[in-house]
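# Compute the structure for the input listed below.
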Amino acid sequence: MIPYNKITLDNGLVVVVNRDRASKLAAVNLLYKVGARNEDPSRTGFAHLFEHLMFRGTRRVPNFDLPVQMASGDNNAFTNNDYTDFYITLPKDNLETALWLESDRMEGLDITAEKLETEKRVVIEEFRQRYLNQPYGDQMMLLRDLAFRTHPYRWATIGRTPDHIAGATLSEVEAFYRAHYHPSNAVLSISADLDEERLLELAARWFGPLADRRHEPAAIPQEPVQTEARRLEVERDVPATTVSVAYHMCARTGSEFYTADLISDLLAGGDSGRLYTRLVKERQLLSSVNAYVSGDVDPGLFVFTGQLLPGTTPEAVEAAFRAEIEDLQTAAATPYEIEKVKNKFEANTLFGELNVMNKAMNLGFYEMLGDLELINREIDRYRAVAPDDIRSFCSRTLRPENSSTLIYRARK
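Numbering: from 1, shown residues only. Modelled structure (predicted):
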């Protein structure tokens, strides 16, 4: 259980705080509700570019990292398709250093042509190294583009092509900053051993004076229901062929998310998962296998993926995946299997609550989802999943006509 207090400042910034009496550190997490899903299809990769630019200094603080280091702190960030997250941990007595720095770059980012060109080169090189010149680097990009035809989830956080970043102008980047990096599009979450009223007071002191740049977000096109199976085969210079099959499923806040997540752990929760036991150890079709849910804010994907052993055909793996699905559709998972997965989730949740930064991040995440109380209710949601829920989900979601299959062949 994570106790918290929440207020919304006059400028629209949501502030959520938690008193962690066990930690000597303070965690400050600033989540902006902007990710790859908020980008123009002709200018993708901007959210990730801004993850870099936000560390390039402001008009008041030209070197963001230096004050953090002087306060004995550590900071970093990440971007995904739904949001961008900046976080700082430091001794609780230095908490205001983090609030000062984050409030400053929320309105005072110093974007110059020189800084932009430098970060564009960094991001383009990252794109090439991690996605274009890395074995299997474009695999998920291809699967996304196959599964999604309309929704911006069809491109990865890094973007669709390096050309979009290479062609980004200073005026386009400044417009993106004004549109998305402002109080009413952000969630500030703090966990520290300080009275919650004191934490709220400090947040209001540093962020309350900021003016909001109200911006009407562009509507995000929703993905239409898929009605027929899709398929793509490519050849690449990789060690082994892989098969990936993606099915459209509900959003992170959907009632069936917990069933889907439980099924993915039932199938691929380590060496004792069904897929590893049956397809790797017993049948020796694959060298590795996984099943996972994307957990996106909008309806996302349930994915099966496996790397083939020599002599295994993609058709055999597709049939094996299908057989595992049909087994779940017709035969109930055993009480032992289900309980093991539920216990694992509960243990991971409780263990995560021991970390001050996990608390701050989770408070920001669940507020971003629009259901902050869910942070203390998810264990019950998993506990409520029944065998009939598993059969029903697999029958209605893991259907051939809802599938997108990528055969990623090793070039001979």
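# check contacts around the spatially most central residue of the chain.
Central residue check for the chain by CA atoms, centre = their mean: the C-alpha nearest the mean position is that of N80, 4.8 Å away. Contacts for N80 (CB atoms under 8 Å, 6 or more residues apart in numbering) come out as 35-36, 157. (C-beta placed from N, C-alpha, C; glycine too.)
# Name the member of these with the most neighbours.
A36 (26 neighbours; other CB atoms under 10 Å).
# doesn't A47 make contact with that residue?
Yes: in this structure A36 lies within contact range of A47 using CB atoms under 8 Å: 5.6 Å.
# Now list whatever residues contact both of the two.
Residues within reach of A36 and of A47 at once, by CB under 8 Å, 6+ apart, are 79, 157.
# Could you list every helix and strand in contact with the helix or strand of the chain with the lowest mean pLDDT?
Ranked by mean pLDDT, DSSP states H and E, the weakest helix or strand in the chain is helix 335-352, scoring a mean of 92. Under the contact criterion of 3 or more CB pairs under 8 Å, 6 or more residues apart in numbering; DSSP states H and E, helix 335-352 touches helix 257-268, helix 378-383.
# Single out the most deeply packed of these.
Of all the helices and strands packed on helix 335-352, helix 257-268 has the most neighbours on average by mean count of other CB atoms under 10 Å, namely a mean of 23.
# After that helix, which helix or strand is next?
helix 274-275 (DSSP states H and E).
# contacts for that following helix?
266-268, 289-291, 304, 306, 324.
# where's the residue lying closest to M249 once chain neighbours are set aside relative to T150, distance?
Nearest non-adjacent residue to M249, counting by CB to CB, 6 or more residues apart in numbering: F302, 4.6 Å away. F302 sits 19 Å away from T150 when distances are taken as CB to CB, to the nearest Å.
# Of the two, which one has the most company?
Each of F302 and T150 has its neighbours counted (other CB under 10 Å); F302 has more, 25 against 11.
# That one should be in a strand, yeah?
Yes: counting by DSSP: H, G, I helix; E, B strand; the rest coil, F302 is part of a strand.
# thought it was touching C394?
No: contact criterion CB under 8 Å: F302 and C394 do not qualify, at 9.6 Å.
# would you list every one of the strands in the stretch 1-150 of the chain?
5-8, 14-19, 25-32, 74-79, 84-91 (DSSP state E, counting those that start in this stretch).
# mind checking which of these is nearest T118?
strand 74-79 (17.2 Å; CB to CB).
# Which residues in that closest one does the neighbour count mark as buried?
75, 77, 79 (16 or more other CB atoms under 10 Å).
# Reformat the contacts of N80 as a markdown table; add pLDDT.
Output for these, formatted as a markdown table (pLDDT from 0 to 100):
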| residue | pLDDT |
| --- | --- |
| G35 | 97 |
| A36 | 97 |
| T157 | 97 |
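# Out of those residues, the closest to Y181 would be?
G35 (12.6 Å).
# That closest one against E51, yeah?
No: applying CB under 8 Å, one finds G35 not in contact with E51, separated by 10.2 Å.
# list residues touching both of those two?
Common neighbours of G35 and E51 are listed as 79, 84 (criterion: CB under 8 Å, 6+ apart).
# For stretch 343-354, C-alpha coordinates in CSV please.
Extracted as CSV, the C-alpha positions of stretch 343-354 are listed here (Å, rounded to 0.1, in the frame of the first residue of the first chain):
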residue,chain,number,x,y,z
ASN,A,343,2.1,-14.8,-6.3
LYS,A,344,4.9,-13.6,-8.5
PHE,A,345,3.1,-10.4,-9.4
GLU,A,346,2.2,-9.7,-5.8
ALA,A,347,5.8,-10.3,-4.7
ASN,A,348,7.2,-8.1,-7.4
THR,A,349,4.8,-5.3,-6.6
LEU,A,350,5.6,-5.4,-2.8
PHE,A,351,9.3,-5.6,-3.5
GLY,A,352,9.1,-2.6,-5.8
GLU,A,353,7.4,-0.6,-3.2
LEU,A,354,10.6,-0.7,-1.1
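# all numbers from here: first residue = 860
Yes, from this point I'll number from 860; that puts the last item at stretch 1202-1213.
# so how far is I983 from R1181?
As judged by CB to CB, R1181 and I983 stand 40 Å apart.
# Tell me the spacing between T948 and T956.
Shown here: T948 relative to T956, a distance of 12 Å by CB to CB.
# any shared contact partners between those two?
When contacts are counted by CB under 8 Å, 6+ apart, the set common to T948 and T956 consists of G932.
# Those two: who's more crowded?
Higher neighbour count among T948 and T956: T948, with 23 against 20, using other CB under 10 Å.
# If that one is in a bridge, with which residues?
T948 has the following beta-bridge partners by DSSP bridges: A886, D933.
# So it is in contact with M1216, correct?
Yes: T948 is within contact range of M1216, at 5.5 Å (criterion: CB under 8 Å).
# Now list whatever residues contact both of the two.
884, 886.
# what's the angle between the least confident helix or strand of the chain and helix 1116-1127?
With axes from the mean of the first three to the mean of the last three CA atoms, to 10 degrees defining the directions, helix 1194-1211 sits at 110 degrees from helix 1116-1127.
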